[in-house]
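Peer 1: Below are the sequence and a predicted model for it; my questions follow.
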Amino acid sequence: MGMDRDIEKIIEVLKDSIPDVKIVLFGSRARGNALKTSDIDIIVVSRVFETMHFTDRASYILKILWKNRALPKVDIDILCYTPEEFEKKKKEIGIVREALSHGIEL
């Protein structure tokens, strides 16, 4: 799968900014059937979220992307978890389990 430049930039910036980050791309971009206007769906897993309220995590990621001029031209949906939350969510029926079955770890 050829990686879109926006996604490559997001990966690069997050890996440079968050030492222990794990990123999973899911949705139409992972399946390879995205349109130019399709949003980017990612799960971000890191210990950095342990001290943050769940509702503050995506804005933290967006600020990093904005500061590094890596905000994509399309919408981006970000789910943020600590490693422990992620392990728990993987076992539950829901979006994380679905994302892992069809997603791509970056």
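Peer 2: It's in.

Peer 1: C-alpha from now on. contacts and neighbour counts both.
Peer 2: Will do.

Peer 1: now the strands for this structure?
Peer 2: Per DSSP state E, the chain carries strands over the ranges 22-26, 40-45, 76-81, 104-105.

Peer 1: For the closest residue to I78 other than its chain neighbours, name its beta-bridge partners.
Peer 2: Excluding its sequence neighbours, the residue lying closest to I78 (C-alpha to C-alpha, 6 or more residues apart in numbering) is I42, at 5.1 Å. Going by DSSP bridges, I42 is paired in beta bridges with L25, I78.

Peer 1: wouldn't I42 be in contact with R29 here?
Peer 2: No - using C-alpha atoms under 8 Å, I42 is not in contact with R29, being 9.7 Å away.

Peer 1: So the two - more neighbours on which side?
Peer 2: More crowded of I42 and R29, by other C-alpha atoms under 10 Å: I42, with 25 against 22.

Peer 1: who are the neighbours in contact with the more buried one?
Peer 2: 23-26, 76-79 (C-alpha atoms under 8 Å, 6 or more residues apart in numbering).

Peer 1: Let me have those in JSON lines, extended by pLDDT and neighbour count.
Peer 2: Shown next, in JSON lines, are the contacts of I42 (pLDDT from 0 to 100; neighbours: other C-alpha atoms under 10 Å):
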{"residue": "I23", "pLDDT": "97", "neighbour count": "19"}
{"residue": "V24", "pLDDT": "96", "neighbour count": "21"}
{"residue": "L25", "pLDDT": "96", "neighbour count": "23"}
{"residue": "F26", "pLDDT": "94", "neighbour count": "23"}
{"residue": "I76", "pLDDT": "95", "neighbour count": "15"}
{"residue": "D77", "pLDDT": "96", "neighbour count": "12"}
{"residue": "I78", "pLDDT": "97", "neighbour count": "18"}
{"residue": "L79", "pLDDT": "96", "neighbour count": "19"}
